[in-house]
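S.K.: predicted coordinates and the sequence they were generated for:
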Amino acid sequence: MEITILMQNVETSCPFTHLLDLDAYRQGMPYEALADIRGQGSFVHFEDPKTGVPYWAAVKRDALDFVSQNPDLFSSQIEGPFPMEPESEMQRETMQVMLDNAFIAMDPPKHMAHRRVVRDAFTPKAVAAMEPWLRQQAKAIVDRVAASGSCEFVEEVAAELPLIAVLELMGVPQEDRKQFFEWTNIMAFGDDPDIATGPDEANAVSFEVILYAMELAKKQREGFTGPVIQALLEGEVDGEPISDEMFAWVFILLMVGGNESTRTATAHGMRLLMENPDQLQHLVDHPEDIPDAIEEMLRYNTAFIAMRRTATQDIEWNGYSFKRGEKIVMHYHAVNHDEDVFGDDAMRFDIHRKKRMPSLNRELRSFGIGEHFCLGMNLARLEMRIMFEEVIPRLRDMTFNGEVTYMRSFMISTIKSMPVVFTPEASEG
């Protein structure tokens, strides 16, 4: 079975030809267009007119699970897990170094051997121990904006806690926070002209971060201040210490992933609550329902849009045929709206969904599934819960105060800016 599609963005009237079109998400997620694509089947075949590399898109959950849970059939290592093709020699060289050293781009058994080095820092027990400190940080974030009655929610609120947390884990001084906010934006969104001049600038910044990481490693060896960087610098794989190159690329991926993903989920969560003020008011009145609401936020607007695998051999599955070397793009957002899993109202945001569907946290694929499921899943959920438990009771009556803008990306569904207003909090004394 093969269905090849060219499509029209029905929400924005902006034509885009496939799911890796950089402009497909420039006005937010094209919900209706994705629903139309899901209606074509579990996998849909696309031509990419820019790169000339066609691909299959896994747009329903049975397809995504099949790909994710069979790494022997679908490789992360062959040409990498990111759905992009290098456009210059610099990009090609950077990608190859990343493929050689980052465990996100490894297949079993190599992948788990490297992932195990930092895994203990992200267990439920280790993450739970961070809650008092994270709560203190979240209160301070809200303190900084509460009296003003307005803020730019993304940079001043949503981005702060995940960035503060990942810097702490990596032993990076908090005074370097703004620098890392800029660096991670450029590395993640090199195709957005408001952020960077292009992918080559993103690659250049990645090497700046590598130099920073190497210098940080020297200082940390004199006295560790972060559990993850300590695990990396003291870790071994097959009896050998982690190489400097591997340390640097894991550092980059943790910095970008730990910052951008939770920031994105938090910003979209607040956007969805403002678009549904009755649900926002319910959480004001019933803050005990915030954890359930977090699961629906994670489902409805997944931070990571897509990742890629490469078929290692000819494969037959449920009437679909994949040839060795073909690309498969897993579209997490489309999958999280799969009507066969989440019901006929899957495209509706509903913070009460978990009460009707107690297994919601296990059904969504926002953190992936299989060997490559998100290492920071427990931390992301905790950060979001704490942040909303501080924001919702204090920044009352929050509404939009201007246009919501989006990053130009087909990988991360990030809000670029979201100005808001709310009832100012009275100063004590």
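M.R.: Cool, got the structure.
S.K.: so how far is residue 232 from residue 138?
M.R.: Going from residue 138 to residue 232 by CB to CB, to the nearest Å gives 27 Å. Placement of C-beta: from N, CA and C, glycine included.
S.K.: so between those two, which is more surrounded?
M.R.: The residue with more neighbours, out of residue 138 and residue 232, is residue 232; 26 against 22, by other CB atoms under 10 Å.
S.K.: so how far is residue 186 from that one?
M.R.: To residue 186, residue 232 is 23 Å away according to CB to CB.
S.K.: which regions of the protein sit below the pLDDT cut-off?
M.R.: Residue ranges of the chain with pLDDT under 70: 1-17, 428-429.
S.K.: report the central residue of it.
M.R.: By CA atoms, centre = their mean, the chain has its centre lying nearest to residue 261, at 3.3 Å.
S.K.: mind listing what's buried along the helix or strand containing that residue?
M.R.: Using DSSP states H and E, residue 261 sits within helix 244-275. Residues of helix 244-275 classed as buried by neighbour count (16 or more other CB atoms under 10 Å): 246-274.
S.K.: check the offset of stretch 124-138 from the chain's centre.
M.R.: The chain centroid and the centroid of stretch 124-138 are separated by 20 Å under CA atoms, centre = their mean, to the nearest Å.
S.K.: got the contact list for that stretch?
M.R.: 120, 160-161, 164-165, 168, 227, 378-379, 382-383, 386-387, 389-390 (CB atoms under 8 Å, 6 or more residues apart in numbering).
S.K.: restricted to helices, list the residues you listed.
M.R.: Those of these mapping onto helices are 160-161, 164-165, 168, 227, 378-379, 382-383, 386-387, 389-390, per DSSP state H.
S.K.: about what we covered before: what is the nearest of the contacts of stretch 124-138 to residue 362?
M.R.: Nearest to residue 362 out of those is residue 378 (CB to CB; 14.0 Å).
S.K.: ok, the closest one - contacts?
M.R.: By CB under 8 Å, 6+ apart, the contact list for residue 378 reads 122, 123, 124, 127.
S.K.: how about those, which pair is most distant?
M.R.: Greatest spacing in those, by CB to CB: 122 and 124 (8.7 Å).
S.K.: quick one: which of the two has more around it?
M.R.: Higher neighbour count among residue 122 and residue 124: residue 122, with 22 against 12, using other CB under 10 Å.
S.K.: ok, now how distant is the closest residue to that one other than its chain neighbours from residue 115?
M.R.: Closest residue to residue 122 apart from its sequence neighbours, by CB to CB, 6 or more residues apart in numbering: residue 375 at 5.2 Å. Note on residue 375: its distance to residue 115, by CB to CB, is 7 Å.
S.K.: more crowded one of those two?
M.R.: It is residue 375, of residue 375 and residue 115, that has more neighbours when counted by other CB under 10 Å, with 21 against 18.
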